[in-house]
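> fold the following, please.
(3 chains)
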Amino acid sequence: MSFDTNMRFKFSILAIVLQIILIILFGIFVRYKTEDHSSSHNVTQSDDTFIDLYPFFQDVHVMIFVGFGFLMTFLKRYGFSSVGINLLIAAFGLQWGTLMQGLWHLHDGKIEIDIKSMINADFSTATVLISFGAVLGKTSPLQMLIMAVLEIFIFACNEHLVGFLGATDIGASMTIHTFGAYFGLAASAVLYRPGLKKGHDNEGSVYHSDLFAMIGTLFLWMFWPSFNSAIANHGAEQEMAIINTYFSLAACVLTAYAFSSLVEHKGKFDMVHIQNATLAGGVAVGTCADMNIGPFGAMIIGLIAGIISTLGFKFLMPIVASKLRIQDTCGVHNLHGLPGILGGIAAVVATALGAKPGFTPLLQGAALAATFGISVVGGVITGFILKIPFWGQPPDQSCYDDTVYWEVPLEEEEHDNQYQGEHGKIKMEA
Amino acid sequence: MSFDTNMRFKFSILAIVLQIILIILFGIFVRYKTEDHSSSHNVTQSDDTFIDLYPFFQDVHVMIFVGFGFLMTFLKRYGFSSVGINLLIAAFGLQWGTLMQGLWHLHDGKIEIDIKSMINADFSTATVLISFGAVLGKTSPLQMLIMAVLEIFIFACNEHLVGFLGATDIGASMTIHTFGAYFGLAASAVLYRPGLKKGHDNEGSVYHSDLFAMIGTLFLWMFWPSFNSAIANHGAEQEMAIINTYFSLAACVLTAYAFSSLVEHKGKFDMVHIQNATLAGGVAVGTCADMNIGPFGAMIIGLIAGIISTLGFKFLMPIVASKLRIQDTCGVHNLHGLPGILGGIAAVVATALGAKPGFTPLLQGAALAATFGISVVGGVITGFILKIPFWGQPPDQSCYDDTVYWEVPLEEEEHDNQYQGEHGKIKMEA
Amino acid sequence: MSFDTNMRFKFSILAIVLQIILIILFGIFVRYKTEDHSSSHNVTQSDDTFIDLYPFFQDVHVMIFVGFGFLMTFLKRYGFSSVGINLLIAAFGLQWGTLMQGLWHLHDGKIEIDIKSMINADFSTATVLISFGAVLGKTSPLQMLIMAVLEIFIFACNEHLVGFLGATDIGASMTIHTFGAYFGLAASAVLYRPGLKKGHDNEGSVYHSDLFAMIGTLFLWMFWPSFNSAIANHGAEQEMAIINTYFSLAACVLTAYAFSSLVEHKGKFDMVHIQNATLAGGVAVGTCADMNIGPFGAMIIGLIAGIISTLGFKFLMPIVASKLRIQDTCGVHNLHGLPGILGGIAAVVATALGAKPGFTPLLQGAALAATFGISVVGGVITGFILKIPFWGQPPDQSCYDDTVYWEVPLEEEEHDNQYQGEHGKIKMEA
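All right, here's what the predicted structure looks like:
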């Protein structure tokens, strides 16, 4: 094996160094938003906002850690990495994101932590987790940490640019979904592996891995109204964001099932579509979520998103793999890329129709284009940095296989073969 | 095979047509409750209600999609359908339920969406999901969509009747649990399959499918206080609904375990009882939940519910199957039917004791009887409609088997047999 | 077999008798906090507290039932017991804890139930669930009920003592984590089984059981900020508790991964560390959570906790097993014991630095020492009571095996052997 996947010192040292740098930067720059006011009692508004939004934060938190983590456990032998590296990236990313986003909004030279900054920190990790889906199974944990460092920095800049342009993107169809998808796809293109062109034995699911993935799907689906409304203005706008997302997702489920049955052998449903395309309505309604588009408007967006996403999985994904040479493990193009662009376009239309006063189609379109361009360029650069062999990426034959980076327990039926090296996992006695 | 289970066009067209009809009806009839008031600032009460009840809504949402969905994954080869068709029915049902319930409460000819209408829409889907449990494994997705159309219409009428009678049913022991159970049992009776009289190879669980089902059980169990209190009056009544449900469920767990051990071989626990009978306390305390019955009163209801439900599974279910010819896959009679009736009766007693001023035992009893009667008649009619062979129901030998309606991945040990048709699931390259 | 593990009457009778005693005591002593005020409208503060804290309660509830329950499902053949006995203990414990804690805070001779008493009742069960982890697989459900009776009584006394001493412990690093861990370890020492010295075939995990355990890990991890802040003072202190826990846990993940890779074969991650040590930051920041330690202070605590916990699993656990003869199935010493003590010490340092006015290092240290001593003595006494053979503990060869206390379904590949006694689980027909 010419690849050195032993991360013993490389990974440990990088992780510890990053964490110590974070602590130092937090010590210098970060403080509680509440602390200056803790002795006065005229801050009830601030207090109530914190406790009112805390359930929204926790819903988003569940989406990030359980939703994204379990959605990717569909692979038969890559569940530890999916849910485990997801946790690693997100735990690092929320600290790094706090700094990268906070630097654009300093108060007396300090970053102030409140519930909205925590929600935004979680959001910033979502971009990396989406990109992770594009390169899943083909990268090392070390590479993913480095991707998180780079991507969250670029994400925070792009997000600031979108706001600077005067565009709105409350549910982040553009700044998170479009950005995360095309960043990941661009990186995956650079990291293209010809040896996986014919597929890989471990690239499919087994029965129970598909059920684990449904845990991820459902928590994403249920809590998406919180994702799209968490940082909306209190009152009517936040309520519309909840209602629109609720109905968009419901409509999307019907078309995802309908088109899955339509395009599959003998009218059967395909779990890949159900796990993913049912969520496209949440992505696509994101930018418009807090606009006065009417529940039926949200449902139309969801209906289209379910169709586009399912057809993307069925027909576009093989072409992207063969012609564009982009191996998109989780199909993030179909769940986040296309529906994200749909969301951006929907907002162009909605602002043209006056659904949110103060925003213009032109600037919405500019924000979408800028996001697309920056994500692709950022992803390409990141891809080349990740290509350096030092980061311990797996050889082709070990892709989609937890045993490269994890101690994996012997299955009962495997006691006689060599699936794992030398020992079982629990050793109580010397 | 004389059954045609290929749903390619039938299902797709029905699902798309239903979704388009829903969008048209929403366009005509549905608006945000908030939108008329969005520019004024004297609607703080309304705003706070929305955000205060949003966590209750999300808890109910989790019960509907994860709770019901995973509870039914106990079958060894029917997990995709359990969690997948649950999602399909609920996503359709919440849109349809919004209309069916809203039509009874029009404002200027419009249905207004707020947090309570969203909670109620989720509630309306629960009836179909309960009925789904009775026919699980023996119906096609197409049949389930049709059942959802019919059942939610009848449910909304019955719910309105119960309110019209002047009865109270805050946690819906009657209108959801009793209704859903007997509707489903009546339909199952009409759809009786003599060929399954001796059981079916796929009708049991395997070790991990029982653990997946416990995910459903626990999320139902934990969030049941939200279910029973979500639409209660703010303040003491809502708080009592939470407290009563909390203690009823706790007491129910003890008796479910005690009686499971008592009736089983060598004093062992049976997972069927633990997955289901531990929840009966939530069902049974529903109607009384917001009444001043005292925590100990709630515990007595839970104690009885746990006993009735466990004994129902052990002794009544085989009789219902053999004598009444009702094949109740999930035992909804024991989890929703009997405890639902217990809940209705408990409210008769509680109102007689004055636990909720303004409500009378007589009208509570009338509401229970009406609900029972309407659900049985509705279920029988629905059963006959579902019996038309056009809907693609599975032949006896393919019951409880995901492969009829789903692309199912090959297990590693199955590579050499024909469990699945022609290919694995992921195909990246042409 | 000289052990009688048939619990048919022993367990059933004890469970029913305990439940009836609880109902009687609740009838005499327990009332709603709301009920006296239900007709007046000047109790809005109380009402708002209830509904404001309800999401915190539900998060804690999920941690207790899903978090602890699934965390222990890592064992290959002990998932039913892990999640099932967890439910049993917690459902009993929350009722018993309501009484044991309430007796220290009577109002007119009554225990009043409100949202904080419910949160505290859930907390009191956590101690038993932690201790359960130390004896997991080696005890009967009957023994666990008895442990719950004894431990919650002693816990409530110790908790009262800590408050009486004038110490603070908002996130319960001492009163729950340290207490639960050393209580369980002391009991496990008394129950030492020399026959398990060489390990046991069932003592490891399989691939999917490790994924089930990650469900537990993640829900604990995500909702830990709610655990540490649920009963904090409204406003700045509660907000700091959330923020500190959020960042402590994030930092802890990085060091848990780094040290897992550092100490394991070829730099691989070990699921035992990831499932457990990533949570140590939540334990260790508990006592200090509502103090003004700064986000970077919280991160330092998390960083140290992740290191200590991982090293504890790798190097200390085998020594504890061989030298101290304490068989700690889940490694609660490394997740709750050491990080709990770290949390107690951190609060000594933080109060010395003035992070929470009104509290002194001396009394914090006294509280930690008292908690440690009381838990060890309580655990030893409980261990001797549990050692009485009457309680139906399993013989060594049946440890870590669900089939002793559960009806376990036949696996498909097991149809021909005798894994289960006489029948499959579902019998619809006589």
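
> just give the number of residues close to residue A:265.
13 (other CB atoms under 10 Å in any protein chain shown). Placement of C-beta: from N, CA and C, glycine included.

> residues touching residue A:61, list them.
A:122, C:222 (CB atoms under 8 Å, 6 or more residues apart in numbering or on different chains).

> then the one 3 residues further on?
Listed by CB under 8 Å, 6+ apart, the contact set of residue A:64 reads A:90, A:122, A:125, A:126, A:129.

> how far out from the middle of the chain is whichever helix or strand the second one is part of?
Taking DSSP states H and E as the criterion, the element that holds residue A:122 is helix A:115-135. Relative to the centre of its chain, helix A:115-135 is centred 6 Å away, using CA atoms, centre = their mean, to the nearest Å.

> and it, what does it pack against?
In this structure, helix A:115-135 packs against helix A:44-62, helix A:68-71, helix A:79-102, helix A:141-164, helix A:179-190, helix A:332, helix C:236-263, with contacts taken as 3 or more CB pairs under 8 Å, 6 or more residues apart in numbering or on different chains; DSSP states H and E.

> mind checking the pLDDT average for that helix?
Throughout helix A:115-135, pLDDT has a mean value of 98.

> checking the nearest residue to residue A:212 once chain neighbours are set aside next. Helix, strand or coil?
Once flanking residues are discounted, residue A:212 sits nearest to residue A:73: 4.3 Å by CB to CB, 6 or more residues apart in numbering or on different chains. What DSSP: H, G, I helix; E, B strand; the rest coil gives for residue A:73 is helix.

> what comes up buried for the helix holding residue A:122?
Of the residues in helix A:115-135, A:115-135 count as buried by neighbour count, 16 or more other CB atoms under 10 Å in any protein chain shown.

> just want the residue of chain A that's nearest chain C.
Residue of chain A nearest chain C, by CB to the nearest CB: residue A:8 (3.0 Å).

> that older thread, for the residue nearest to residue A:212, the count of nearby residues, please.
27.

> next, the angle helix A:79-102 makes with the helix or strand bottoming out on mean pLDDT in chain A.
In chain A, no helix or strand scores lower on mean pLDDT, DSSP states H and E than helix A:44-62, which sits at a mean of 85. Angle of helix A:44-62 versus helix A:79-102, following axes from the mean of the first three to the mean of the last three CA atoms, to 10 degrees, is 150 degrees.

> spit out the contact partners of the closest residue in space to residue A:74 that isn't next to it in sequence.
Leaving aside its sequence neighbours, residue A:74 sits nearest to residue A:213 (CB to CB, 6+ apart; 3.8 Å). Contacts for residue A:213 (CB under 8 Å, 6+ apart) come out as A:70, A:71, A:72, A:73, A:74, A:205, A:271, A:275.

> what parts of the stretch 251-400 of chain A come near chain B?
A:251, A:253-255, A:257-259, A:261-262, A:264-272, A:274, A:278, A:292, A:294-296, A:299-300, A:303, A:317-318, A:321-322, A:327 (CB under 8 Å from any CB of the partner chain).

> distance of residue A:338 from residue A:322?
Distance of residue A:338 to residue A:322, given as CB to CB, to the nearest Å: 18 Å.

> pLDDT weak spots in the stretch 301-430 of chain A?
Within the stretch 301-430 of chain A, the stretches with pLDDT under 70 are A:412-430.

> let's go with 90 and repeat that
A:389, A:392, A:410-430 (pLDDT under 90).

> any idea which residue of it lies closest to chain B?
Nearest to chain B in the stretch 301-430 of chain A, going by CB to the nearest CB, is residue A:321, at a distance of 4.7 Å.

> surely residue A:49 and residue A:115 touch.
Yes. With contact defined as CB atoms under 8 Å, residue A:49 reaches residue A:115; the gap is 6.7 Å.

> okay, helices next: where are they in the stretch 201-350 of chain A?
A:207-229, A:236-263, A:271-276, A:280-284, A:294-311, A:317-322, A:332, A:338-352 (DSSP state H, counting those that start in this stretch).

> thinking again about what came up before, separation between the residue nearest to the residue of chain A closest to chain C when sequence neighbours are not counted and residue B:25?
Once flanking residues are discounted, residue A:8 sits nearest to residue C:267: 3.0 Å by CB to CB, 6+ apart. Here the criterion is CB to CB. By it, residue C:267 lies 59 Å from residue B:25.

> might you report the residue contacts of the residue of chain A closest to chain C?
C:261, C:262, C:264, C:266, C:267.

> so who does the residue in the stretch 1-150 of chain A that chain B sits nearest to touch?
Chain B sits closest to residue A:55 of the stretch 1-150 of chain A, with a gap of 4.4 Å, by CB to the nearest CB. By CB under 8 Å, 6+ apart, residue A:55 lies in contact with A:226, B:54, B:55, B:58, C:55.

> then residue A:245?
Residue A:245 makes contact with A:171, A:224, A:225, A:227, A:228, A:229, A:281, A:282, A:285, A:286, A:289, A:298, according to CB under 8 Å, 6+ apart.

> columns distance to residue C:405, neighbour count and pLDDT on top of the residues you listed, output as JSON lines?
JSON lines is the format used below for these (distance: CB to CB, whole Å; neighbours: other CB atoms under 10 Å in any protein chain shown; pLDDT from 0 to 100):
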{"residue": "A:171", "distance to residue C:405": "48", "neighbour count": "32", "pLDDT": "97"}
{"residue": "A:224", "distance to residue C:405": "40", "neighbour count": "27", "pLDDT": "98"}
{"residue": "A:225", "distance to residue C:405": "42", "neighbour count": "29", "pLDDT": "98"}
{"residue": "A:227", "distance to residue C:405": "42", "neighbour count": "29", "pLDDT": "98"}
{"residue": "A:228", "distance to residue C:405": "46", "neighbour count": "32", "pLDDT": "98"}
{"residue": "A:229", "distance to residue C:405": "46", "neighbour count": "28", "pLDDT": "98"}
{"residue": "A:281", "distance to residue C:405": "45", "neighbour count": "37", "pLDDT": "98"}
{"residue": "A:282", "distance to residue C:405": "43", "neighbour count": "30", "pLDDT": "98"}
{"residue": "A:285", "distance to residue C:405": "49", "neighbour count": "37", "pLDDT": "98"}
{"residue": "A:286", "distance to residue C:405": "49", "neighbour count": "34", "pLDDT": "98"}
{"residue": "A:289", "distance to residue C:405": "49", "neighbour count": "34", "pLDDT": "98"}
{"residue": "A:298", "distance to residue C:405": "50", "neighbour count": "31", "pLDDT": "98"}
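
> using CSV, please lay out the helices and strands packed on helix A:115-135 together with distance to residue B:218.
Formatted as CSV, the helices and strands packed on helix A:115-135 follow (distance: least, CB to CB, whole Å):
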stretch, distance to residue B:218
helix A:44-62, 15
helix A:68-71, 16
helix A:79-102, 19
helix A:141-164, 31
helix A:179-190, 32
helix A:332, 31
helix C:236-263, 22
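
> follow-up on the earlier one: just the buried residues out of the residues of the stretch 251-400 of chain A next to chain B, in PyMOL syntax.
To isolate the buried subset of those in PyMOL, counting by 16+ other CB under 10 Å, use the following:
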select buried, chain A and resi 251+253+254+255+257+258+259+261+262+264+267+268+269+270+271+272+274+278+292+294+295+296+299+300+303+317+321+327
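
> returning to what we had before: now the residue of chain A closest to chain C: how far from residue C:269?
Applying CB to CB to residue A:8 and residue C:269 gives a distance of 11 Å.

> again, but for residue A:253
Distance from residue A:253 to residue C:269, by CB to CB: 36 Å.

> same check, this time on residue A:305
36 Å.

> can you check residue A:180 too?
Where residue C:269 is concerned, residue A:180 sits at a distance of 24 Å (CB to CB).
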